[in-house]
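>>> Mind folding the following:
(one chain, ligands or ions: 1)
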Amino acid sequence: MSGRLPLLLVGAGAMGRTWAAALEGSAAAELVGVVDLDVDAARRAAADLGRPDLPVGADLLEVAGRTGAAGVVDVTVPAAHHVVTQTALRAGLPVLGEKPVAATLPQALSLAATADVTGRLFMVSQSRRWLPEVDALRAAVGRLGALGTATVHFAKAPHFGGFREEMAHPLLVDMAIHALDCARFVLDAEPVTVWCTSGNPPWSWYAGDAEATVVVGTDRGARLVYTGSWCAPGAETSWNGAWRVSGEHGTALWDGDAAPVLALGDAEPEVVDVVDGPREVRGALAAFCDALRTGARPWGEVHANVLSLATVEAAVASAATGQRVDVDELLARAHATAVADERHDDVRAALAGWSSVRAALAG
Ligand SMILES: NC(=O)c1ccc[n+]([C@@H]2O[C@H](COP(=O)([O-])OP(=O)(O)OC[C@H]3O[C@@H](n4cnc5c(N)ncnc54)[C@H](O)[C@@H]3O)[C@@H](O)[C@H]2O)c1
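Next up is the predicted model:
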């Protein structure tokens, strides 16, 4: 036996193939089967990996039983995240799921409560958090003292085709969540209020709003200002955006690609050390396997991840009304919907027992 964790891949689409390759190359995990509603897609993914004999199927529990899988990597479409993850957790299988945690905030709370009831780990992979440069930026920000304003400027002009060009808020929902999640980690701060304005420039090839500015007030007093566009040809930023964090003792800069730079007072700016490690989904996979072995709570554990989705939902709500959104009020409304919609009695009872969503998420 290899001693590697046998994992089932659920969802064999574009991103599923990235995960299949990461699982194949992992020393800690082993791909034992592929599940997709479209079984031919699962079969093609296995064949393209050079493993045409890999068990495949459309039913997660059936393939898990057949293969002895000890966990699930969920790379299905966001609308399926709730059903796939809840099914796996209730069968005793820990889950590593692609972002977003779920399609809606009430569904995300349902999954946090399901993890509580089942005692199984559900970790959300926000792949950009698992860049070693992001750890280095957090270390640099840790030397700034009290924080003032952090800005992230994102400007790209990709032509994806497909669902992103049909969404009402492609930039906020599909892309900004990466920066908003990283910012919680980098600033070590949680969102309290969110204001957003969004729009779509006349030359946009997106149906929904491809531009947005989000202002997040945090529990550290620091403000995060995220400005992004998916319709900004010329002089594009990196995929991670350009970061500037100002604090009491100086400023940390990151272009989203190279090592961050720290400028303290009048001192010469210094390039921050980046400790090499597994990147993006490989980093998430390593953290997941490590957490299952040690019991550590990884970044992206469902309770901890919910506030990243909440920031996005708050931004979308604010863009619609022009009003600043109080995150605790948004969470309270989502909690009421989660209790009303929950179909499992034990999960509904767990949700109903939360006196405060913020406290329940803090674990
Ligand atoms: N981290 C990143 O940078 C990044 C990049 C792209 C996509 N993603 C995320 O990855 C996920 C998948 O995106 P994608 O682009 O691969 O989508 P996709 O549409 O290419 O593939 C999704 C697959 O899931 C399958 N599926 C849907 N419902 C299912 C169910 N109930 N059970 C089993 N299979 C089911 C579909 O048949 C399809 O093959 C999304 O959550 C997306 O947000 C993340």
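
>>> Let me see the contact set for the residue positioned nearest the centre of the chain.
Centroid-nearest residue in the chain: residue 126, 3.2 Å away (criterion: Cα atoms, centre = their mean). Residues counted as contacts of residue 126 (Cβ atoms under 8 Å, 6 or more residues apart in numbering) are 99, 177-178, 181-182, 284, 299-300, 305, 308. (Each C-beta comes from the backbone N, C-alpha and C, glycine too.)

>>> and the gap between the closest residue to it other than its chain neighbours and residue 294?
Of all residues not flanking residue 126 in the chain, residue 181 sits nearest, at 4.4 Å (Cβ to Cβ, 6 or more residues apart in numbering). Distance, residue 181 to residue 294, using Cβ to Cβ, to the nearest Å: 23 Å.

>>> Those two: which is more packed in?
Higher neighbour count among residue 181 and residue 294: residue 181, with 27 against 9, using other Cβ atoms under 10 Å.

>>> Check what pLDDT the more buried one gets.
On pLDDT, residue 181 comes in at 97.

>>> ok, the residue of the stretch 1-150 of the chain found nearest the ligand - how many residues close by?
Closest approach between the stretch 1-150 of the chain and the ligand, counting by Cβ to the nearest ligand atom: residue 13, at 1.8 Å. Residues lying near residue 13 (other Cβ under 10 Å) number 14.

>>> how about residue 212, what does it touch?
Applying Cβ under 8 Å, 6+ apart, we find residue 212 in contact with 169, 171-172, 176, 196-199, 226-228, 315, 319.

>>> repeat for residue 284
96, 123, 125-127, 129-130, 300.

>>> same check, this time on residue 264
Residue 264 touches 143, 249-250, 270, counting by Cβ under 8 Å, 6+ apart.

>>> so which of the contacts of residue 212 is the most crowded?
Within the contacts of residue 212, most neighbours by other Cβ under 10 Å means residue 315, with 30 neighbours.

>>> so which strand or helix has that residue?
Under the criterion of DSSP states H and E, residue 315 resides in helix 302-321.

>>> Residue 143 now?
Here residue 143 is assigned to no helix or strand, by DSSP H and E.

>>> Quick one: neighbours of it, just the number.
13.

>>> That one reaches residue 249, doesn't it?
Yes. Counting by Cβ atoms under 8 Å, residue 143 does reach residue 249; the two are 6.8 Å apart.

>>> who in the stretch 1-150 of the chain is up against the ligand?
Residues of the stretch 1-150 of the chain lying near the ligand by Cβ under 6 Å from any ligand atom: 10-16, 35-38, 41, 75-78, 80, 83-84, 98-99, 127.

>>> hmm, which of the residues you listed are the buried ones?
Neighbour counting over these (16 or more other Cβ atoms under 10 Å) leaves 10-12, 15-16, 35-36, 41, 75-76, 78, 80, 84, 98-99, 127 as the buried ones.

>>> so of these, which ones are in strands?
The strands, defined by DSSP state E, take in 10, 35, 98 from these.

>>> residues in contact with residue 258?
By Cβ under 8 Å, 6+ apart, residue 258 lies in contact with residue 133.

>>> what about it, is that helix, strand or coil?
Per DSSP: H, G, I helix; E, B strand; the rest coil, the local secondary structure of residue 258 is coil.

>>> how near is it to residue 179?
Distance from residue 258 to residue 179, counting by Cβ to Cβ: 17 Å.

>>> How about residue 207?
Using Cβ to Cβ, residue 207 is found at 22 Å from residue 179.

>>> what about the strands in the stretch 101-250 of the chain?
Along the stretch 101-250 of the chain, the stretches classed as strands by DSSP state E, counting those that start in this stretch are 122-125, 147-155, 191-199, 211-218, 223-229, 242-247, 250-254.
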